[in-house]
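>>> Sequence first, predicted coordinates after that:
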Amino acid sequence: MTSATSSTVAPITDLAAIRSRIAARVVGRERELDLILAAVAAGRDLILEGPPGTSKSTLLRAITSEWDVPFVLVEGNADLTPSRLVGHHNPSRVLREDYSPDNFVDGPLLQAMRVGGFLYVEEFNRAPEDTIDTLLTAMAERVITVPRVGAVDAHPTFRVVASMNPYDNVGTTRLSTSVHDRMCRLVVDYQDADAEREIVVRRADTASVRVCADAVAVTRATRKRDDIAQGSSVRGAIDLALVATQLCAMRRVEVPEDPSATPSRDLPTDYTGAFLDAMLVTLSGRIHLDDTAFTTAEGVLTEIWQDHFLLSPAAAEPG
């Protein structure tokens with residue numbers, strides 16, 4: 001059995017170089033990268049708590065890529081039973097051969113344990129309690145005993161990393177003190193405006209700088225309103241920039257290039273009109289209104305569009 005306290009991945013002299021290479025590929029997550037890298041290098045399992053689209057899986061994929069270990073993703077929900085997580089015997093082979101280790105099909109937990117991968121459980125607090133208990137055993141003992149198969153020891157690089165959305169309380173359960181006692185925890189929030197603009201420019205490479213700046217500005221505005229319980233992540237801004245660019249091209253609308261050359265109130269109405277249509281299709285499903293809001297997602301987005309393009313012309317400008 002490999003103890004949790006002795007499992008390390010790389011000597012500390014390697015971590016600085018690994019950190020530098022990852023930081024060159026990830027925008028604006030230096031502190032979070034440092035803390036995640038330090039925790040998993042110390043052999044710890046980890047909960048990442050934050051809204052969707054805050055680079056949690058991006059950071060983990062970058063770390064596993066640098067360490068050359070598998071990244072095993074599972075979705076936490078009511079269907080994630082212990083047998084689906086651990087594995088099962090192949091039914092047709094059992095009928096022919098009876099139960100044996102040879103006809104056992106590993107689930108994601110055993111896959112990650114055998115090869116020393118990172119098991120990443122999204123929406124961790126949506127998983128059933130007995131499934132979480134199975135994970136606790138794997139984390140505490142670094143070994144799982146499967147009936148008719150035997151004990152499966154975890155490779156030293158095996159880690160459990162879970163994510164939770166603090167804004168989503170529907171269908172979730174409160175994690176026990178046993179879970180928190182066995183896992184480190186890091187809160188990951190949205191990045192600042194400069195970092196989000198850089199992300200959108202990189203990901204929406206067909207969009208102009210102006211479109212990217214406008215997309216980030218209105219997307220960030222969805223997180224600041226009292227009538228929106230949860231706003232859109234930067235993924236919404238990326239989709240908005242891409243869709244607005246295609247819509248303008250289809251309608252033969254000239255797209256402004258420089259976000260500082262033309263104030264928002266002076267932009268052509270055909271561009272701002274196309275941008276509103278793109279906002280409605282890309283952001284209306286991504287925002288979740290407060291229970292006390294007497295409006296629709298489309299109504300709120302139209303108000304944000306008016307504030308940005310008609311009332312607050314400096315909002316899209318860098319800085």
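In hand now; what should we look at?
>>> What are the boundaries of the helices in the stretch 201-319 of the chain?
Remark: helices assigned in the stretch 201-319 of the chain by DSSP state H, counting those that start in this stretch are 209-221, 234-250, 269-283, 297-306.
>>> surely Asp189 meets Leu48?
No - Asp189 lies out of contact with Leu48 (Cβ atoms under 8 Å); the separation is 11.1 Å. All C-beta atoms are positioned from the backbone trio N, CA, C, and that covers glycine.
>>> The two: who's more crowded?
Leu48 (25 against 11; other Cβ atoms under 10 Å).
>>> does the more buried one really touch Lys56, like I thought?
Yes - judged on Cβ under 8 Å, Leu48 makes contact with Lys56 at a distance of 4.7 Å.
>>> what sits in contact with each of the two?
In terms of Cβ atoms under 8 Å, 6 or more residues apart in numbering, Leu48 and Lys56 are both contacted by the residues Ser163, Val188.
>>> Heading C-terminal from the helix-or-strand element of the chain with minimal mean pLDDT, find the next helix or strand.
One helix or strand of the chain scores below all others by mean pLDDT, DSSP states H and E: helix 91-97, with a mean of 77. Once helix 91-97 ends, the next helix or strand along the chain (criterion: DSSP states H and E) is strand 104-106.
>>> Need the CA coordinates for the least confident helix or strand of the chain. PDB is fine.
Provided in PDB are the C-alpha atoms of helix 91-97 (Å, rounded to 0.1, in the frame of the first residue of the first chain):
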ATOM      1  CA  PRO A  91     -22.200  -9.700 -17.800                       C
ATOM      2  CA  SER A  92     -21.800 -11.800 -21.000                       C
ATOM      3  CA  ARG A  93     -18.500 -13.100 -19.900                       C
ATOM      4  CA  VAL A  94     -19.700 -13.900 -16.400                       C
ATOM      5  CA  LEU A  95     -22.400 -16.100 -17.900                       C
ATOM      6  CA  ARG A  96     -19.700 -18.000 -19.800                       C
ATOM      7  CA  GLU A  97     -16.800 -18.000 -17.400                       C
END
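>>> Flag every buried residue along it.
Within helix 91-97, no residue is scored as buried using 16 or more other Cβ atoms under 10 Å.
>>> Give me the contacts around that helix.
Residues from elsewhere that reach helix 91-97 (Cβ under 8 Å, 6+ apart): Asp102, Asn103.
>>> Point me to the residue sitting farthest from the middle of the chain.
If you look at how far each residue of the chain sits from its centre, by Cα atoms, centre = their mean, the farthest one is Arg96, at 42.9 Å.
>>> That one and Arg182: what is the separation?
Per Cβ to Cβ, to the nearest Å, Arg96 is found 40 Å from Arg182.
>>> circling back to that earlier point, just the helices of the stretch 201-319 of the chain: most buried one?
Stretch with highest mean neighbour count among those: helix 209-221 (a mean of 26; mean count of other Cβ atoms under 10 Å).
>>> Now that helix: average pLDDT?
Here helix 209-221 scores 95 as its mean pLDDT.
>>> orientation of it relative to helix 297-306 in degrees?
Following axes from the mean of the first three to the mean of the last three Cα atoms, to 10 degrees, one obtains 130 degrees for the angle between helix 209-221 and helix 297-306.
>>> any idea how far helix 209-221 is from the chain center?
Relative to the chain's own centre, helix 209-221 is displaced by 20 Å; criterion: Cα atoms, centre = their mean, to the nearest Å.
>>> Low-confidence bits of the stretch 151-300 of the chain, can you list those?
Applying pLDDT under 70 to the stretch 151-300 of the chain flags the ranges 167-172, 259-263, 265.
>>> give me that answer again for 80
166-174, 257-266, 293 (pLDDT under 80).
>>> Of the helices of the stretch 201-319 of the chain, which is nearest Asp34?
Among these, helix 234-250 comes nearest to Asp34, with 20.9 Å by Cβ to Cβ.
>>> mind saving the C-alpha coords of the closest one as CSV?
Extracted in CSV, the C-alpha atoms of helix 234-250 (Å, rounded to 0.1, in the frame of the first residue of the first chain):
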residue,chain,number,x,y,z
VAL,A,234,-15.9,33.8,-20.2
ARG,A,235,-17.1,30.9,-22.4
GLY,A,236,-20.2,33.1,-23.1
ALA,A,237,-17.9,36.0,-24.1
ILE,A,238,-16.0,33.6,-26.5
ASP,A,239,-19.2,32.4,-28.1
LEU,A,240,-20.6,35.9,-28.3
ALA,A,241,-17.5,37.2,-30.1
LEU,A,242,-17.6,34.3,-32.6
VAL,A,243,-21.3,34.5,-33.3
ALA,A,244,-21.3,38.3,-33.5
THR,A,245,-18.5,38.1,-36.1
GLN,A,246,-20.3,35.6,-38.2
LEU,A,247,-23.6,37.5,-38.0
CYS,A,248,-21.9,40.7,-39.1
ALA,A,249,-20.2,39.0,-42.0
MET,A,250,-23.5,37.5,-43.1
